[in-house]
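**Student:** Sequence and computational prediction follow.
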Amino acid sequence: MEREKRPAGVMMIPVLQAGTLIEIRGLDEAQSIPDIEEVTITAHLTQQVLPLPEGSIYLGFIFSRAETPDRVEAALREAYSHLVFVIK
């Protein structure tokens, strides 16, 4: 088994407020960031969400792979900055 040589990272998208997930904006923009491999949303619309530690889920995950750890981190942060979760 050979280990992947390029740095990789994942960001677990946190729930920032309690309520019902109504809308997700910016997904296409987040996925188009260089060095982003995938943005996966695991929460579904109309789902009740709670921030940790009361809640037990993340809204989703952002995956990145790049030439340096700094680029991985920058890509994750930039992709996350495009995402807007409307929670009422």
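**Tutor:** Done, it's in. All values reported here derive from a predicted model rather than from experimental measurement.

**Student:** Which residues does the helix or strand hosting V10 contact?
**Tutor:** Per DSSP states H and E: V10 is located in strand 8-13. Contacts to strand 8-13, defined as C-beta atoms under 8 Å, 6 or more residues apart in numbering, come from residues 41, 58-65, 69, 72-73, 76-77, 79-80, 83, 85. No exception for glycine: its C-beta is placed from N, CA and C like everyone else's.

**Student:** I'd like to know which of these are part of helices.
**Tutor:** P69, V72, E73, L76, R77, A79, Y80 (DSSP state H).

**Student:** that older thread, right, and the helix or strand after the strand holding V10?
**Tutor:** strand 19-25.

**Student:** Mind listing what's buried along that following strand?
**Tutor:** L21, I24 (16 or more other C-beta atoms under 10 Å).

**Student:** For the helix or strand just after that strand, enumerate the helices and strands it packs against.
**Tutor:** Under the assignment DSSP H and E, the closest C-terminal helix or strand after strand 19-25 is helix 27-31. Contact analysis of helix 27-31 by 3 or more C-beta pairs under 8 Å, 6 or more residues apart in numbering; DSSP states H and E lists strand 36-41, helix 69-82 as its packing neighbours.

**Student:** Check which residues of helix 27-31 are buried.
**Tutor:** A30.

**Student:** CA atoms only for that helix, dumped as PDB, please.
**Tutor:** Coordinates of each C-alpha in helix 27-31 appear next as PDB, following Å, rounded to 0.1, in the frame of the first residue of the first chain:
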ATOM      1  CA  LEU A  27     -22.600  25.500  -3.400                       C
ATOM      2  CA  ASP A  28     -21.600  25.900  -7.100                       C
ATOM      3  CA  GLU A  29     -19.200  28.700  -6.100                       C
ATOM      4  CA  ALA A  30     -17.600  26.700  -3.300                       C
ATOM      5  CA  GLN A  31     -17.200  23.600  -5.600                       C
END
